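> kindly return the folded structure for what I paste below:
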Amino acid sequence: MTHTSQTTASRGTWRELLGSRYAPIASVLAGGVLLEASNVYLTTSLLPTIVGEIGGAEFYAWTMMTFLLASVISSMLVSRILTQQGAVRAYLLALGLFALGSLLCAVSPWMSALLFGRAVQGLGGGLLAGLGYALIQRALPERLWARGAALVSAMWGVGNIIGPVVGGIFAQLDAWRVTFVGLAVVSALIGIVVVRALPRTTRGRSSESLPWASLLLLSGGVAAVGVASVVPVGLGTAVALIVGVTLGIWFLRHEKRGSHGILPRVTFLAGSSLGWVYVTVAVLAFAIGTEAFIPLFGQEIGGLAPFIAGLLGAALSLGWSITQVFTANASGIRSRRALIITGPVVVAIGLAAYGLLQHEGPSTLVVVLWFLTLFVAGAGIGLGFPHLTVAALGSTSGDEEGAKAAAAVNTVFIIASAFSAAMAGVLVNLAMPDIVASARLLMLVFAGVTVLGVFVARGASWGIGLTSDDEGATEASTTTDTTTQ
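Numbering: from 1, shown residues only. A predicted model of the protein is given here:
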């Protein structure tokens with residue numbers, strides 16, 4: 001075997017990940033995250049039809065908040081459940097909860113029953129998403145971590161595309177109950193693959209007690225932010241946001257001082273890059289909060305048909321998903337660090353450009369530029385996201401701490417998405433009824449927040465280069481540089 005082929009083999013390839021040996025494992029990891037991701041927007045698309053049949057319009061916004069809150073709670077327990085139950089049992093538990101919640105939604109006679117079903121769905125979905133990240137380290141060789149992370153995280157973007165499309169079709173057919181039954185069937189099919197293909201990891205007792213205080217503080221903070229997004233703009237919004245931020249800060253202080261928590265202990269050690277990795281993930285996820293309002297802007301400002309406006313909303317997710325497929329191939333330490341640092345800048349440029357292009361009666365060229373700028377913003381998320389996940393995976397030692405580090409990427413992502421969605425709602429309402437001003441305010445403020453992520457991304461980038469493979473790459477790079485000189 002030549003030196004070049006040896007280097008390629010050590011890096012791993014997409015062909016290897018999607019080949020006969022690892023494809024079943026990859027399908028389980030990606031499929032679980034896709035169920036969670038697509039379900040959020042699928043249900044949103046179905047809600048007008050659901051409310052028309054069973055009522056409960058006053059709880060419209062709570063269907064998403066209930067699901068996200070339950071997802072956050074269960075995602076914080078991933079490492080503990082994985083340690084105690086092993087990979088196969090943990091996945092079957094998650095799929096079972098998701099299927100049960102879906103069936104409860106399918107048979108709901110009134111809104112309160114639907115909300116309960118959504119909560120059960122969320123418990124299963126949070127576990128599925130967290131396991132998708134946590135099992136990368138245990139089920140795949142290190143050379144495939146970056147591609148596995150890219151595949152798994154790309155499912156959030158794919159779900160944001162599939163969810164509205166599938167939901168819209170079944171809403172048009174007035175078959176929303178069938179949709180939830182279909183989700184349960186898909187869960188069962190993934191369960192069959194789990195039993196046949198997923199490696200049976202060792203089971204044992206968790207070395208830590210259940211972090212009740214952290215769970216209560218963080219779930220309370222997310223719930224408060226969720227309330228801010230559903231109450232009228234004013235004093236209630238401000239109070240809810242302040243409570244949410246206060247509980248979030250309290251959670252971080254408790255995690256830093258406590259002996260057992262949700263985040264790995266190394267997160268708070270001096271010199272560790274893991275904390276910066278999580279903050280960078282949060283900054284990138286923050287940009288996704290704009291997606292809920294982009295179809296509205298497309299219809300109201302651009303006069304686009306609902307289906308075309310929906311595709312406009314998916315442009316950001318499409319850019320994110322496609323870009324990750326290519327950036328996951330980056331193997332040099334310097335190139336991966338550069339991708340992580342550049343990502344927030346590209347996101348900010350895309351969002352700001354889209355905001356500045358908003359005006360009444362846009363031409364066809366301007367609408368095309370809307371798609372392009374949103375695609376660019378999404379591409380910025382995809383530039384470094386796979387390598388941030390790998391940096392988290394390589395930052396700890398031990399199975400349980402490793403699972404914590406990986407699952408926390410998903411937890412941070414969900415929390416940041418929920419918080420950004422609430423902030424987006426507040427900003428849009430501030431400038432109403434001027435829809436153009438609302439669009440500009442939302443995009444420019446979010447662009448400003450995102451560009452600040454460059455500073456934290458620099459700290460996160462130093463998490464690249466900690467594994468033995470990276471050390472080898474560094475030595476090879478040094479040798480090459482010396483030879484060149």
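> buried residues, the strand or helix carrying L218. List them.
Using DSSP states H and E, the element containing L218 is helix 212-228. For helix 212-228, burial by neighbour count (16 or more other Cβ atoms under 10 Å) applies to 214-215, 217-228. For the C-beta atoms, the positions are set from N, CA and C on the backbone; glycine is no exception.
> and that helix, how far from the chain's centre?
Offset of helix 212-228 from its chain centre (Cα atoms, centre = their mean, to the nearest Å): 18 Å.
> quick check: next helix or strand after that helix?
The C-terminal neighbour of helix 212-228 among helices and strands, as given by DSSP H and E, is helix 235-257.
> now V51, nearest residue through space, not along the chain?
Closest residue to V51 apart from its sequence neighbours, by Cβ to Cβ, 6 or more residues apart in numbering: A57 at 5.0 Å.
> and the gap between the one you found and W250?
Distance of A57 to W250, given as Cβ to Cβ, to the nearest Å: 35 Å.
> rounded mean pLDDT for the helix holding L218, please.
Helix 212-228 carries an average pLDDT of 81.
> same thing with stretch 251-265?
Average pLDDT, stretch 251-265: 78.
> buried residues, it. List them.
Applying 16+ other Cβ under 10 Å to stretch 251-265 flags 251-252, 254-255, 261-265 as buried.
> returning to that earlier point: for the helix holding L218, packing partners?
Packed against helix 212-228 by the contact rule (3 or more Cβ pairs under 8 Å, 6 or more residues apart in numbering; DSSP states H and E) you find helix 62-75, helix 235-257, helix 399-431.
> tabulate these (JSON lines), appending distance to I50.
Below are those laid out as JSON lines (distance: least, Cβ to Cβ, whole Å):
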{"stretch": "helix 62-75", "distance to I50": "8"}
{"stretch": "helix 235-257", "distance to I50": "26"}
{"stretch": "helix 399-431", "distance to I50": "20"}
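> lowest average pLDDT across the ones you listed?
Least confident of the helices and strands packed on helix 212-228, judged by mean pLDDT, is helix 399-431 with a mean of 76.
> and the very next helix or strand once past that helix, what other elements does it pack with?
Later in the chain than helix 399-431, the nearest helix or strand by DSSP H and E is helix 435-451. Judged by 3+ Cβ pairs under 8 Å, 6+ apart, helix 435-451 is in contact with helix 274-286, helix 294-300, helix 333-356, helix 399-431.
> switch to 6 Å and redo it
For helix 435-451, the elements it packs on are helix 333-356, helix 399-431, judged by 3 or more Cβ pairs under 6 Å, 6 or more residues apart in numbering; DSSP states H and E.
> from the buried residues of helix 212-228, pick the one nearest Y91.
Closest approach between these and Y91, by Cβ to Cβ: L215, at 21.7 Å.
> about what we covered before: quick one: contacts of the helix holding L218?
With contact meaning Cβ atoms under 6 Å, 6 or more residues apart in numbering, helix 212-228 is reached by 65, 69, 72-73, 76, 237, 240-241, 243-244, 247-248, 250-251, 254, 261-262, 415, 418-419, 422.
> CA atoms only for it - export them in PDB, please.
Presented in PDB, the C-alpha positions along helix 212-228 are these (Å, rounded to 0.1, in the frame of the first residue of the first chain):
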ATOM      1  CA  TRP A 212     -31.600  17.000  40.100                       C
ATOM      2  CA  ALA A 213     -30.500  20.600  40.800                       C
ATOM      3  CA  SER A 214     -29.000  21.100  37.400                       C
ATOM      4  CA  LEU A 215     -32.100  19.500  35.700                       C
ATOM      5  CA  LEU A 216     -34.500  21.800  37.500                       C
ATOM      6  CA  LEU A 217     -32.400  24.900  36.900                       C
ATOM      7  CA  LEU A 218     -31.900  24.300  33.200                       C
ATOM      8  CA  SER A 219     -35.400  23.100  32.400                       C
ATOM      9  CA  GLY A 220     -36.800  26.000  34.400                       C
ATOM     10  CA  GLY A 221     -34.700  28.400  32.400                       C
ATOM     11  CA  VAL A 222     -35.800  26.900  29.100                       C
ATOM     12  CA  ALA A 223     -39.500  27.000  30.200                       C
ATOM     13  CA  ALA A 224     -39.200  30.700  31.200                       C
ATOM     14  CA  VAL A 225     -37.700  31.600  27.800                       C
ATOM     15  CA  GLY A 226     -40.500  29.600  26.100                       C
ATOM     16  CA  VAL A 227     -43.100  31.600  28.100                       C
ATOM     17  CA  ALA A 228     -41.500  34.800  26.800                       C
END
